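Q: sequence-free structure coming up:
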DNA sequence: AACTATTTTTAGTCTACCCTAAAAAATAAT
DNA sequence: ATTATTTTTTAGGGTAGACTAAAAATAGTT
């Protein structure tokens, strides 16, 4: 396993390669490499049985590929916790360094780091940390976009793209905060959230796909 | 800079490339690569002006190369402190993981880690940690082999090869411990160290080159 | 000084990972 | 249904970093 292959596997996973076929085009966009390079890498990963390939359609992770993706996610997220909690990184800063560290972390290192951090369940943006054996704890969370007006909820997880996290910082939306969904504008309009203290926050339609909440009762 | 080039620079440094010409042969042994690969890498590093090359003699670090070596040593040793102090690694376990981590550590990460660790001066085997600007603090230490019978000293630094550290662990020699040099056998024979409590330890001749001490008054 | 052994370099190959340009297949539009 | 567009694949090439085998240079020995 090389860092490049690992990044490729992770990209497939993040594009939904666990359940559905991921197109070359999506991988080109995600990894910023040429279409030819994607085909190239596909054939290499295919040879190692990490993915299945439907010509001209795309790729999906095999069990073996999924295991690697989950183990990488575990490493990534444990490092994110370390960077945020121990080194004082903001939640929008952790991603880049964790991305490098995950590829050079022995199992021993990760397990010791995990214990040092008191075996966290979530990373700084609410992502659940997979178990050592590659299984993923089941967490009940709903995309904000699927909520109905009147729902009360707690922010559970948010997408971990740097600019998006910065947007949320600006909007004062953070993990664990409780809101009621006050209003949804029609025609893909914005959503209005309201805290019990009456603080109102307006969130764009697309952002509501990237916020996951835990609906209260 | 790639991890391979960095390892090569580090190997030259560790073989004395700061002051003297290092032969290909030594690099072959240290890096476990073929002689041809050494020549190959030499030409690449030469092009970047990180080394100077005397054909059929060997290479030396330039100022630029030395700076990189020192910065790498800084990263390596700060990680060693972290692994030993925070994650409970033994001093003979830290090397391998630190070797991987040093190549993916941004300056920001290292400086934050350094602060988290309270800006240590030495790593777990007594190696001094270079400064951020690439300068190296001056430490007064003497190879044990140069000591005379009757000298009293404190263990300051030891070579960081895993098997050697294991040997010292077995001999109960650790950093900071004080001894008197009780005896030196002739013909490259062993050295006998003695603590104030009368505990005697016999150290092989070659090992005495890898132990550095701070002679007391 | 000549021969031998060692070390370094050169020449030619290989894999991983990337590229561009062109061909082939799939999809969308008329 | 045919044409146009998009996407994927193939073909050919480049660089980094490794290799083996053979040639060239250095060092050691008689």
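A: On my side now, so go ahead. Everything numeric in this text was worked out from a predicted model, so none of it was measured.
Q: so where's the longest helix in chain A?
A: Counting by DSSP state H, the longest helix found in chain A is helix A:63-85.
Q: list the residue ranges of chain A that fall below the pLDDT cut-off.
A: Applying pLDDT under 70 to chain A flags no residue at all.
Q: interface residues of it facing DNA strand C?
A: Contacts of chain A with DNA strand C, taken as C-beta under 7 Å from any atom of the strand, map to A:2-5, A:8, A:32-37, A:40-41, A:44, A:55-57. Backbone N, C-alpha and C define where each C-beta goes, glycine included.
Q: now with 6 Å?
A: Contact residues, chain A versus DNA strand C (C-beta under 6 Å from any atom of the strand): A:2, A:4-5, A:33-34, A:36-37, A:40-41, A:44, A:56.
Q: quick one on the thing from earlier: following the longest helix of chain A, which helix or strand shows up next?
A: helix A:94-101 (DSSP states H and E).
Q: elements contacting that next one?
A: Under the contact definition 3 or more C-beta pairs under 8 Å, 6 or more residues apart in numbering or on different chains; DSSP states H and E, helix A:94-101 sits against helix A:63-85.
Q: so residue A:118, which of the three states?
A: coil (DSSP: H, G, I helix; E, B strand; the rest coil).
Q: select only the buried ones of the residues of chain A next to DNA strand C in ChimeraX?
A: Command for ChimeraX that selects the buried part of the residues of chain A next to DNA strand C, burial taken from 16 or more other C-beta atoms under 10 Å in any protein chain shown:
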select /A:5,33,37,41
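Q: just the buried positions in the helix or strand hosting residue A:165, please.
A: Residue A:165 is part of helix A:162-171, with elements assigned from DSSP H and E. Buried residues in helix A:162-171, defined by neighbour count with 16+ other C-beta under 10 Å: A:164-165, A:167-168.
Q: that helix - contacts with which helices or strands?
A: Going by 3+ C-beta pairs under 8 Å, 6+ apart, helix A:162-171 lies up against strand A:152-158.
Q: contacting residues around residue A:56?
A: Residue A:56 sits next to no residue when contact means C-beta atoms under 8 Å, 6 or more residues apart in numbering or on different chains.
Q: helix or strand next in line after the helix holding residue A:165, which one?
A: Defined by DSSP H and E, the subsequent element after helix A:162-171 is strand A:178-184.
Q: list the contacts of the helix or strand that that following strand is followed by.
A: Per DSSP H and E, the first helix or strand lying C-terminal to strand A:178-184 is strand A:191-194. Here strand A:191-194 makes contact (C-beta under 8 Å, 6+ apart) with A:144-145, A:173, A:179-185, A:200-203, A:205, A:208.
Q: follow-up on the earlier one: now the angle from the longest helix of chain A to helix A:94-101?
A: Here the directions of helix A:63-85 and helix A:94-101 differ by 130 degrees (axes from the mean of the first three to the mean of the last three C-alpha atoms, to 10 degrees).
Q: from the chain's centre, how far out does helix A:63-85 sit?
A: On the basis of C-alpha atoms, centre = their mean, to the nearest Å, helix A:63-85 sits 10 Å off its chain's mean C-alpha point.
Q: also stretch A:188-208?
A: 22 Å.
Q: quick one: terminal-to-terminal distance for it?
A: Counting by C-alpha to C-alpha, to the nearest Å, you get 10 Å between the two ends of stretch A:188-208.
Q: sorry, back to before: and the contacts of strand A:191-194, which is closest to residue B:49?
A: residue A:173 (50.0 Å; C-beta to C-beta).
Q: let me see the contact set for the closest residue to residue A:164 other than its chain neighbours.
A: What sits nearest to residue A:164 in space, not counting adjacent residues and going by C-beta to C-beta, 6 or more residues apart in numbering or on different chains, is residue A:210, at 5.9 Å. By C-beta under 8 Å, 6+ apart, the contact list for residue A:210 reads A:158-159, A:161, A:164.
Q: and which of those is nearest DNA strand D?
A: Distance ranking of these against DNA strand D, using C-beta to the nearest atom of the strand, places residue A:161 first at 21.7 Å.
Q: contacts for the helix holding residue A:165, please.
A: By C-beta under 8 Å, 6+ apart, the surrounding residues in contact with helix A:162-171 are A:90-93, A:95-96, A:125, A:158-159, A:174, A:201, A:203, A:207, A:210-211.
Q: same thing but 6 Å
A: Residues outside helix A:162-171 that contact it (C-beta atoms under 6 Å, 6 or more residues apart in numbering or on different chains): A:91-92, A:201, A:210.
Q: is stretch A:55-63 anywhere near DNA strand D?
A: Yes. Applying C-beta under 6 Å from any atom of the strand, one finds stretch A:55-63 touching DNA strand D at A:55-56, A:58.
Q: next one: that stretch to chain centre, how far?
A: From the chain centre to the centre of stretch A:55-63 is a distance of 21 Å (C-alpha atoms, centre = their mean).
Q: buried stuff in that stretch?
A: Those buried within stretch A:55-63 under the rule 16+ other C-beta under 10 Å are A:58-62.
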